[in-house]
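K.L.:
take a look and give me a structure for this.
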Amino acid sequence: MQINCGTDIIEIGRIEEAIEELGDKFISRVFTKKEIEYCEGKNNAKYEHYAGRFAAKEAAFKAISKLLEDKYSINWKNIEVENDEDGRPKINFIDIDMSKIEKIDISISHCKQYATANVIIAY
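P.N.:
Down below sits the predicted model:
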């Protein structure tokens with residue numbers, strides 16, 4: 001069994017700036033419909049949640065990169081972050097075969113300035 005880890009940290013202000021400047025062009029390129037609905041439902045904390053999901057997507061990409069034949073074969077919307085029935089984040093892979101992965105774990109955290117995520121996979 002092989003274990004890979006990916007981690008990412010991002011300034012929340014960078015995501016807020018991208019959303020304010022580019023609006024739907026940025027949001028719809030990076031996030032799935034479920035992710036947008038979740039983040040927009042967070043009202044004043046929406047930028048923190050967008051940043052957390054952005055970091056999670058980056059961390060997931062880093063964790064799975066050895067499984068990809070070509071790093072350009074994946075895009076932002078192939079990785080979806082949603083919450084399970086207990087409110088814990090989980091990763092869904094969309095239109096990309098990640099059947100080799102036996103287990104995946106994710107953690108997302110954010111504060112006023114930063115959002116960070118860690119993803120660990122076993123395959």
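K.L.:
what about the helices in this protein?
P.N.:
Here the chain has its helices, by DSSP state H, at 12-22, 24-30, 33-40, 46-64.
K.L.:
what sits against the spatially most central residue of the chain?
P.N.:
In the chain, the centroid-proximal residue (Cα atoms, centre = their mean) is Lys57; its distance is 2.6 Å. By Cβ atoms under 8 Å, 6 or more residues apart in numbering, the contact set of Lys57 is 30, 76, 79, 81. No exception for glycine: its C-beta is placed from N, CA and C like everyone else's.
K.L.:
nearest to Ser107, out of the helices of the chain?
P.N.:
helix 46-64 (8.8 Å; Cβ to Cβ).
K.L.:
can you list the weak-confidence ranges in the protein?
P.N.:
Applying pLDDT under 70 to the chain picks out no residues at all.
K.L.:
swap in 90 and give it another go.
P.N.:
69-72 (pLDDT under 90).
K.L.:
how much space between Lys77 and Glu16?
P.N.:
21 Å (Cβ to Cβ, to the nearest Å).
K.L.:
would you mind measuring from the closest residue to Cys5 other than its chain neighbours to Asp97?
P.N.:
Spatially, and ignoring its direct neighbours in sequence, Cys5 is nearest to Ile120 (5.0 Å; Cβ to Cβ, 6 or more residues apart in numbering). Look at Ile120 and Asp97: by Cβ to Cβ, they are 20 Å apart.
K.L.:
who has more neighbours, those two?
P.N.:
Legend: neighbour count by other Cβ atoms under 10 Å for Ile120 and Asp97, higher for Ile120 (16 against 8).
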